[in-house]
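In: Show me the folded form of this:
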Amino acid sequence: MANNLVVCGGTFDHFHKGHEEFLSYALSIGEKIIIGLTSDKYVRNLKLLTSLKLRGASKIQNSKLIEGYGIRKNRLEEFLSRKKVQDKTTVLKIDDLFGPTLSKNLLIDAIIISEESKKGADIINQKRKDLGLAPLKILIFPSVKAEDGKFISSTRIRDGEINREGRLYIKPLWLKKNLILPEDLRGELKKPFGKIVEKVEQNDNASYIIAVGDETSRKFNSNSINQNISVIDFKVARREIFSSFSDLGFPKDEIVITANNPAGHLTHDLFSKVLKIIKSDFDKRIILKITGEEDLVVLPLILAVPLNTVIYYGQPNMGLVEILISEDIKEKAYNLVSKFRPIETHTRGY
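Out: Numbering: from 1, shown residues only. So this is what the prediction gives:
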């Protein structure tokens, strides 16, 4: 039986499949729906503090990537327009947990929440009781799962793990089998993935700064760019030029992780090591030392890193390429790597 008036709320950041199904459920049980959309002030006061308290300081940068109220509202209203339900929905800006739920002028029948929001609904009902209002019926909508069986969330999207449909950017197969570059893709990979830049400055707003290549890393070190991750193989133009980290200007206090990756390949070892680096809370700068060649390492990096990461690499005869990681860039890299051919690891001895 439909409820006359129901309320629900959220940040609806990086509007995704889970949001769509949550709202579709609300629309199926309410004749009228009030949707509370958190203000930027609410996001600053709650999301950042929650991120610091529950997930550690390393996740504060992720919360800074939450979209502004205007963008979130536009995406929400675009969805409601596609569903043709503007006449039964009202979007309200909310600056706190309660929003319209404490109004004595609204005869609200139920509140719809996600599984992780039960505590908030209980607080609302306790406050309503204190004000002499009847408690709201609490309807829990189960969170939608991504490809890996974990929940789809805006945090995971900002972290660069999944897209808005819940598809993983790094296929499980790529962590098990090595991939070889098809000949018909070589021309495509000679095109810059980002823009050519002449100068690099320290970017304190980036999630990570990554230098790929020995010359790029050496120049960054000499200019005190303080990149978080450096990828090297001691080679320039496939000729072994360097023999030590000190040759590249590293001060010897970095964490060094090695990965095997022959020329023209993307190995499961490389994917695993890149993920290890991104998922670990290292308090020092990282060197990813490639045994083989680092020419293709940009691709797994793009797929693994959070949004708003900046990757730099040298493009032969062009200069330094700067890639600001976005969802579109991740999709481009995903589509390219999906065209690589899986091979049995034992056939090449690694």
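In: Using the three-state scheme, assign Phe193.
Out: coil (DSSP: H, G, I helix; E, B strand; the rest coil).
In: The nearest residue to it once chain neighbours are set aside: how many residues sit nearby?
Out: Nearest residue to Phe193, sequence neighbours excluded (Cβ to Cβ, 6 or more residues apart in numbering): Ile323, at 5.1 Å. (Glycine included, C-beta is placed from N, CA and C.) Neighbour count for Ile323, taken as other Cβ atoms under 10 Å: 22.
In: Ile323 is in what secondary structure piece?
Out: strand 319-324 (DSSP states H and E).
In: Name the residues of that strand that come out as buried.
Out: If you call a residue buried by 16 or more other Cβ atoms under 10 Å, then strand 319-324 has these buried ones: 320-323.
In: The residue nearest to Phe193 against Gly194, yeah?
Out: Yes: counting by Cβ atoms under 8 Å, Gly194 is a contact partner of Ile323 at 3.6 Å.
In: before we move on, the earlier item: and the residue nearest to Phe193, what does it touch?
Out: By Cβ atoms under 8 Å, 6 or more residues apart in numbering, the contact set of Ile323 is 193-194, 298, 302, 310-313, 329.
In: Not counting its neighbours along the chain, what's nearest Ala146?
Out: Ala146 sits nearest to Gly166 (Cβ to Cβ, 6+ apart), 3.4 Å away.
In: try Phe79
Out: Glu20 (6.3 Å).
In: Doesn't the one you found belong to a strand?
Out: No: counting by three-state DSSP, one finds Glu20 to be helix, located in no strand.
In: can you give me the mean pLDDT across the host helix or strand of Thr155?
Out: In this structure, Thr155 is located in helix 154-158 according to DSSP H and E. The pLDDT scores in helix 154-158 average 96.
In: quick one: it to chain centroid distance?
Out: Taking Cα atoms, centre = their mean, to the nearest Å, one finds helix 154-158 lying 5 Å from the centre of the chain it belongs to.
In: what's the answer for stretch 117-133, then?
Out: When C-alpha coordinates are averaged (Cα atoms, centre = their mean), stretch 117-133 and its chain have centres 33 Å apart.
In: In it, which residues are buried?
Out: 117, 121, 124-125, 128, 133.
In: Alpha carbons of it, as CSV, please.
Out: Once non-C-alpha atoms are left out, stretch 117-133 reads as follows in CSV (Å, rounded to 0.1, in the frame of the first residue of the first chain):
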residue,chain,number,x,y,z
SER,A,117,21.7,5.2,7.8
LYS,A,118,19.6,3.3,10.4
LYS,A,119,21.3,5.2,13.3
GLY,A,120,20.3,8.6,11.7
ALA,A,121,16.7,7.5,11.4
ASP,A,122,16.6,6.5,15.0
ILE,A,123,17.9,9.9,16.0
ILE,A,124,15.2,11.5,14.0
ASN,A,125,12.5,9.5,15.6
GLN,A,126,13.8,10.2,19.1
LYS,A,127,13.8,13.9,18.3
ARG,A,128,10.2,13.6,17.0
LYS,A,129,9.2,11.9,20.2
ASP,A,130,10.8,14.7,22.2
LEU,A,131,8.7,17.2,20.2
GLY,A,132,5.5,15.2,20.7
LEU,A,133,5.4,13.9,17.1
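In: tell me the two of the buried residues of stretch 117-133 that are most distant?
Out: Ser117 and Leu133 (19.5 Å; Cβ to Cβ).
In: Spell out, range by range, the helices that occur in this structure.
Out: Listed in chain order, the helices of the chain (DSSP state H) span 17-29, 40-42, 48-55, 60-63, 69-83, 118-130, 154-158, 186-189, 214-222, 268-279, 298-304, 327-337.
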